[in-house]
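Peer 1: Compute the structure for the input listed below.
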Amino acid sequence: MNTALHPDWLIPDWPAPAAVRAVFTSRAGGVSMQPYDSLNLGNHVGDVPEAVVANRTLLARAIGTHGVFLNQVHGSAVLALDAATPDGLPADACVTAQPRIACTIMVADCLPVLLATQDGRAVAAAHAGWRGLAGVGGGCGQGVLEATHASLRALAEPGLGADQILAWLGPCIGPSAFEVGPEVKAAFEAEKSQAGRFFVPAGAGKYLANLPALARLRLQALGIRQIYGNDGSLPWCTVSNPSRFFSHRRDAGVHGNGLGTTGRMAACIWLDG
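Peer 2: Got it, this is the predicted structure:
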């Protein structure tokens, strides 16, 4: 791994093959001013454009490769990346089998999910907010993880089984902070009744939802058993760690404008050249 990586960034602890590289940025290591301090990678949140460009350049230099940034819309579309893919295309997941192109997902509470084939031939990244994860509007239980899994297998060697895919879950809003309405619980239970156990009543008809546990449930339903990273504990919670992570929900309350004025972190995965 490149020694230029900031010491506060997370390097996934998982048994990925040597050709696979991955990192999750924190809010440290950039040039943006408050409230985007300092490594804001989102160009859609009100930060100074020049600062975002500088931060993305810092990230590219640190990982030693080119990251493709998507226009994430909380859906389930998956984009196959190559050397000519521009930034800003609408999708919530991406896959590639080409080296030195980083599948990149921006988050500030939603769950980033990184996937790699055990043979090191293909990688993927998915943006799993509750809508994309549940497949709201997509029908047939097809959420962003199901769509990403299908695209990854299409790129991989014929006959690759789900048991030969590794998954890593990055930081997200934790189960002690993610308050949702009954419609969210119903959306998950409509496809998998066992999802209900990951919603704890919080009063006034609300629930506290365990987003990483819901993602694990859906990955396991696909046959993926090698799942690492976020276990729902406080160190992984974006809301509960303000000095380390951006959080849309937390910072909406801080700034009082309801807009979630905050930066964006990135989860990146790529194949080493």
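
Peer 1: what are the ranges of the helices in the protein?
Peer 2: All helices of the chain, identified by DSSP state H, fall at 49-63, 130-134, 144-155, 182-189, 211-221, 248-255.

Peer 1: how close does the closest residue in space to Leu58 that isn't next to it in sequence sit to Gly170?
Peer 2: Once flanking residues are discounted, Leu58 sits nearest to Gly30: 6.2 Å by CB to CB, 6 or more residues apart in numbering. C-betas here are computed from N, CA, C, even on glycine. To Gly170, Gly30 is 18 Å away according to CB to CB, to the nearest Å.

Peer 1: Contacts only, for the spatially most central residue of the chain.
Peer 2: Central residue of the chain (CA atoms, centre = their mean): Pro112, 1.4 Å from the mean position. Listed by CB atoms under 8 Å, 6 or more residues apart in numbering, the contact partners of Pro112 are Phe24, Ile105, Ala125, Ala126, His127, Ala128, Leu169, Gly170, Pro171, Cys172, Ala267.

Peer 1: bridging residues for the fourth one?
Peer 2: Counting by DSSP bridges, Ala126 forms beta bridges with Ala93, Val113.

Peer 1: Could you find the closest non-adjacent residue to Leu133?
Peer 2: Leu133 sits nearest to Gly143 (CB to CB, 6+ apart), 5.2 Å away.

Peer 1: Counting neighbours, what do you get for the one you found?
Peer 2: The local packing of Gly143 (other CB atoms under 10 Å) involves 28 other residues.

Peer 1: Next one: it relative to Ser32, how far apart?
Peer 2: Taking CB to CB, one finds Gly143 at 32 Å from Ser32.

Peer 1: re the thing from before, when Gly30 and Gly170 are compared, which one has more neighbours?
Peer 2: Using other CB under 10 Å, the more surrounded residue of Gly30 and Gly170 is Gly170, with 28 against 24.

Peer 1: on that earlier part again, which of the contacts of Pro112 lies closest to Gln72?
Peer 2: His127 (4.9 Å; CB to CB).

Peer 1: wouldn't the closest one be in contact with Asp109 here?
Peer 2: No. At 11.0 Å, His127 and Asp109 do not qualify as touching, with contact defined as CB atoms under 8 Å.

Peer 1: Mind listing the shared neighbours of these two?
Peer 2: Counting by CB under 8 Å, 6+ apart, nothing touches both His127 and Asp109.

Peer 1: Against Pro182, how distant is the residue of the chain most remote from its centre?
Peer 2: Going by CA atoms, centre = their mean, the residue of the chain most distant from its centre is Ala204, 30.0 Å out. Per CB to CB, Ala204 is found 11 Å from Pro182.

Peer 1: which residue packs closest to Pro235, ignoring adjacent ones?
Peer 2: Leaving aside its sequence neighbours, Pro235 sits nearest to Asn241 (CB to CB, 6+ apart; 7.1 Å).

Peer 1: Please apply the same query to Trp14.
Peer 2: Using CB to CB, 6+ apart, the closest residue to Trp14 is Tyr228 (4.0 Å).
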